[in-house]
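>>> Can you look at this prediction? I've put the sequence above it.
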Amino acid sequence: MAHTIEQIARSLGLRAEGDTAIVVRGVAEPAEAAPDQLALAMKPAFAAMLPQGRAQAAMLWDGADWRALGLKAAILSPRPRYAMAGLSALVDPGQGYAPGIHPMAQIDPSASLGADVTVGAFAVIGPGARIGDRSVIAPHCYVGANVVLGEDALLHSGVRLNARVTIGARFIAQPNAVVGADGFSFVTPEVSAVERARESLGDQGDLVAQSWARIHSLGGVTIGDDVELGAQTCIDRGTVRDTVIGNGVKFDNLVQIGHNVQIGNDCLICAQCGVAGSTAIGNNVVLGGHTGVSDNLTIGDNVITGGGTKVLSRIPAGRVMLGYPAMKMEAHIELYKLLRRLPRLFAEVAEMKKSVSNSDPND
């Protein structure tokens, strides 16, 4: 796929300078760029590597002296990393899914497919499912009974959408994501040791061996528009009401969202996060990688958690949290600094004790 520098700049709403008729067929890092590739030299540290490559043109920051960098043309952006979103979409060759319905796909006669839908080999679409226009169902996907999938969806290979899942437009799911598995809901005939320990903060009481009875998940999952799921991310269905994900939420790989969870709009949930059942998360929340959130909590709008944070109580809106248990980031960092000083403090105390014990009692 070839584009001139002028065409790329115009499509991104940016300014191009120099020989804008130069044709490029892809992008590359500065040190590896060929003459027919656009070098991504989006800050001075990256631009310093341009002499190691052979790029004629580059994506640069506003005000960059592209001539001094030995280039023939440049695209200048006030926020180059943001420009990467549009640029990457423009040059993405895609996964090569063949258009149309593959003869080895299994589609229930009662399912409804919109215009220009692609369905790959060994994909299964269940009864009553509705697939929006221009959606792509890759090979080995499963779309269950009465699933509603909006227009321009992209399900990569191995995605599973179980029964009664409703998803908005422009949904993207990476390989082996699962939406609508049953929630992890089990109960014992009598009060369990876990319930006692939680109430007492440690005491299990008199232990009685009990078996776990399964609570079926009768709810579904409702997902808004422009949501993306990472590979092997799982969103469980609700017990009675639906698990709900708002618009514009982006999930990384290996995320677990429990039953009845409510997530607002435009949140970012990074890799290996786990959110336990019936927790409510506000809008524009960012959960750093490996964040764990306990059940039945509330996290306010615009909260950010650092990597590895464990949330055990509610978080008001706007807080930046870190640690286990989660606390304000500045408090956690101050405690960490104090923790690092402990060995020196113990050594000083030991030296003082030694000095006192060796002193002459008659002095």
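Nice, thanks for sending it over.
>>> remind me which residues of the stretch 1-150 of the chain are low pLDDT?
Judged against pLDDT under 70, the stretch 1-150 of the chain has no low-scoring part.
>>> Tell me where it has helices.
Counting by DSSP state H, counting those that start in this stretch, the stretch 1-150 of the chain has helices at residues 5-12, 44-47, 80-91.
>>> Centre of the chain to the shortest one, how far?
For helix 44-47, the distance between its averaged C-alpha position and the chain's averaged C-alpha position is 28 Å (C-alpha atoms, centre = their mean, to the nearest Å).
>>> Name the residues that touch it?
The contact list for helix 44-47 (C-beta atoms under 8 Å, 6 or more residues apart in numbering) reads 29-30, 40-41, 58, 60-61, 64, 69. (C-beta placed from N, C-alpha, C; glycine too.)
>>> Mind checking which of those residues are buried?
Among those, those buried by neighbour count (16 or more other C-beta atoms under 10 Å) are 30, 40-41, 58, 60-61, 64, 69.
>>> Which single one of these is nearest to N247?
Closest to N247 out of these is L40 (29.5 Å), distances taken as C-beta to C-beta.
>>> Isn't that closest one up against M84?
Yes: at 7.3 Å, L40 and M84 qualify as touching, with contact defined as C-beta atoms under 8 Å.
>>> intersection of neighbour lists for those two?
In contact with both L40 and M84: M59, using C-beta under 8 Å, 6+ apart.
>>> Now, the buried ones among the contacts of helix 44-47 that are in strands?
Using DSSP state E, 40, 58, 60-61 are the members of these that sit in strands.
>>> Now render the helices of the stretch 1-150 of the chain as JSON lines, adding distance to S135 and mean neighbour count.
Formatted as JSON lines, these follow (distance: least, C-beta to C-beta, whole Å; neighbours: other C-beta atoms under 10 Å):
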{"stretch": "helix 5-12", "distance to S135": "24", "mean neighbour count": "19"}
{"stretch": "helix 44-47", "distance to S135": "37", "mean neighbour count": "15"}
{"stretch": "helix 80-91", "distance to S135": "17", "mean neighbour count": "15"}
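>>> mind putting the ones you listed in CSV, distance to V303 included?
Shown next, in CSV, are the helices of the stretch 1-150 of the chain (distance: least, C-beta to C-beta, whole Å):
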stretch, distance to V303
helix 5-12, 32
helix 44-47, 31
helix 80-91, 23
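>>> of those, which approaches G219 most closely?
Evaluated over the helices of the stretch 1-150 of the chain, closeness to G219 peaks at helix 80-91, with 34.2 Å, by C-beta to C-beta.
>>> Give me the neighbour count for the closest residue in space to P316 that isn't next to it in sequence.
Once flanking residues are discounted, P316 sits nearest to G300: 5.0 Å by C-beta to C-beta, 6 or more residues apart in numbering. Neighbour count of G300, defined by other C-beta atoms under 10 Å: 17.
>>> try S357
Applying the criterion other C-beta under 10 Å, we find 7 residues in the vicinity of S357.
>>> Regarding it, what is its secondary structure?
The local conformation at S357, judged by DSSP: H, G, I helix; E, B strand; the rest coil, is helix.
>>> Would you quantify the distance from it to R25?
79 Å (C-beta to C-beta, to the nearest Å).
>>> Which residues does stretch 22-39 contact?
By C-beta under 8 Å, 6+ apart, the surrounding residues in contact with stretch 22-39 are 1-5, 8, 40-41, 46-47, 49-50, 52-59, 72-73, 75, 87-88, 91.
>>> ditto for stretch 151-159
95, 114, 120, 131-143, 149, 161, 167, 169-179.
>>> redo that, cut-off 6 Å
132-141, 169-177 (C-beta atoms under 6 Å, 6 or more residues apart in numbering).
>>> Buried subset of the residues you listed as a ChimeraX selection?
Here is the ChimeraX selection string for the buried members of the contacts of stretch 151-159, based on 16+ other C-beta under 10 Å:
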select :132,134,135,136,137,138,139,140,141,169,170,171,172,173,174,175,176,177
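>>> Helix or strand: which one has R196?
R196 is located in helix 193-200, with elements delineated by DSSP states H and E.
>>> Tell me which residues of that helix come out buried.
Going by 16+ other C-beta under 10 Å, helix 193-200 has these buried residues: A193.
>>> could I get that helix in CSV with only the CA atoms?
Output of helix 193-200 as CSV, limited to C-alpha atoms (Å, rounded to 0.1, in the frame of the first residue of the first chain):
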residue,chain,number,x,y,z
ALA,A,193,-15.4,-20.6,56.7
VAL,A,194,-14.7,-17.9,54.1
GLU,A,195,-17.6,-15.8,55.2
ARG,A,196,-16.6,-16.2,58.8
ALA,A,197,-13.0,-15.2,58.1
ARG,A,198,-14.1,-12.2,56.1
GLU,A,199,-16.4,-11.0,58.9
SER,A,200,-13.9,-11.6,61.7
